[in-house]
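**Student:** coordinates only, no sequence provided:
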Ligand code: GAL
């Protein structure tokens, strides 16, 4: 079953498995800006790219870590080396219960103490709400013990109105002076300045401009696939603006989160069963994943981030704003 939220500007479609957003349609142009799977069965059974799902309890890559002197071994779903996107059965692979209001839909689920190697049981939810031209995403979680929480939404965007045209023509602004460097397994290990590197998006530029630049961090990841540390300007900050010169459609991202992972869809391939019978291909769509600092307990500068206990409610917010001018 698909759940639909609709106002005069936007129409959003969701499914309860993974609390996925499977379509977001700009009603003025009729363009769906989310690239998703052909059918709901694919979301359930084989979603190699975590398409459009909620990710948790830790988004991105993490290795074993210490919390208050105690070592925690994460369930390692990638080659037995590290954990990606919450483990073997992350929050993307849960069936959520659903509540629907006039302009909102709330998906709730839970994880057990020790699940995928993390301490503490956790009850969590994501509420999507339509507000004019904006979709608001509110995450809420309450753990029973001190633990790590960093959820995100793994939506794949393409604003071209035709996903057969890649996102390399999209222009992107990222409000970040620093990013996290990746080791050879793509595991983030420390911050660096974007200045004088191809990773600098502080002035809007086409994604294709520097994606093949001769730069070690781009070679490791096969393109952009990096956590950016958002420059803070109050609680809610402007994180990113994405624009397609073909359609003039733009997407602004605002968030309370510390990080946005800009993933340029480098791994999309023909095994992804894409809606419309289109063959999946590299750079078909991109993700702007607002979340906490990935692998935080293993990076000294960020070791105090993403920590929540029974008395610290987790309530990050992200807003996607669509404009067509
Ligand atoms: C992204 C991640 C990529 C890749 C992708 C799923 O969030 O940064 O490296 O794993 O998810 O295919």
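**Tutor:** That came through fine. Because the structure is predicted, anything quoted here is derived from the model rather than measured.
**Student:** now do the contacts for the residue most central in space within the chain.
**Tutor:** The structure's the chain has its C-alpha centroid closest to residue 289; by Cα atoms, centre = their mean the separation is 2.6 Å. Neighbouring residues of residue 289 by Cβ atoms under 8 Å, 6 or more residues apart in numbering: 55, 59, 60, 152, 153, 154, 260, 261, 263. Any C-beta I mention is one placed from the backbone N, CA and C, and that applies to glycine too.
**Student:** and the residue of the stretch 201-325 of the chain found nearest the ligand, how many neighbours?
**Tutor:** Closest contact between the stretch 201-325 of the chain and the ligand, by Cβ to the nearest ligand atom, is at residue 263 (4.2 Å). Close neighbours of residue 263, defined as other Cβ atoms under 10 Å, add up to 24.
**Student:** which non-adjacent residue is nearest it?
**Tutor:** residue 287 (4.3 Å; Cβ to Cβ, 6 or more residues apart in numbering).
**Student:** do the same with residue 298
**Tutor:** Closest to residue 298 by Cβ to Cβ, 6+ apart is residue 65, at 5.5 Å.
**Student:** is it correct that that neighbour is in contact with residue 72?
**Tutor:** Yes: here residue 65 reaches residue 72: they are 5.6 Å apart, a contact under Cβ atoms under 8 Å.
**Student:** what do these two both touch?
**Tutor:** Counting by Cβ under 8 Å, 6+ apart, nothing touches both residue 65 and residue 72.
**Student:** the two: who's more crowded?
**Tutor:** residue 65 (19 against 16).
**Student:** next, the contact list for that one, please.
**Tutor:** 71, 72, 74, 148, 297, 298.
**Student:** which of the residues you listed ranks first by neighbour count?
**Tutor:** residue 148 (24 neighbours).
**Student:** what does the pLDDT read for that residue?
**Tutor:** Here the pLDDT value assigned to residue 148 is 98.
**Student:** who does it bridge with?
**Tutor:** residue 307 (DSSP bridges).
**Student:** over to residue 157?
**Tutor:** Beta-bridge partners, per DSSP bridges, of residue 157: residue 34, residue 286.
**Student:** how many neighbours does it have?
**Tutor:** For residue 157, using other Cβ under 10 Å, the count is 24.
**Student:** would you confirm that it contacts residue 249?
**Tutor:** No: the pair residue 157 / residue 249 is not scored as a contact, 9.8 Å apart, by Cβ under 8 Å.
**Student:** which residues of the stretch 151-300 of the chain lie near the ligand?
**Tutor:** 186, 225, 261, 263, 267, 287, 289 (Cβ under 6 Å from any ligand atom).
**Student:** sorry, back to before: and the contacts of residue 65, which of them are in strands?
**Tutor:** 71, 72, 148 (DSSP state E).
**Student:** what's the next secondary structure element after the least confident helix or strand in the chain by mean pLDDT?
**Tutor:** Lowest on mean pLDDT, DSSP states H and E among the helices and strands of the chain sits helix 40-45, with a mean of 91. Per DSSP states H and E, helix 40-45 leads on to strand 54-55 as the next helix or strand towards the C-terminus.
**Student:** which parts of the stretch 201-325 of the chain are helices?
**Tutor:** 207-210, 216-221 (DSSP state H, counting those that start in this stretch).
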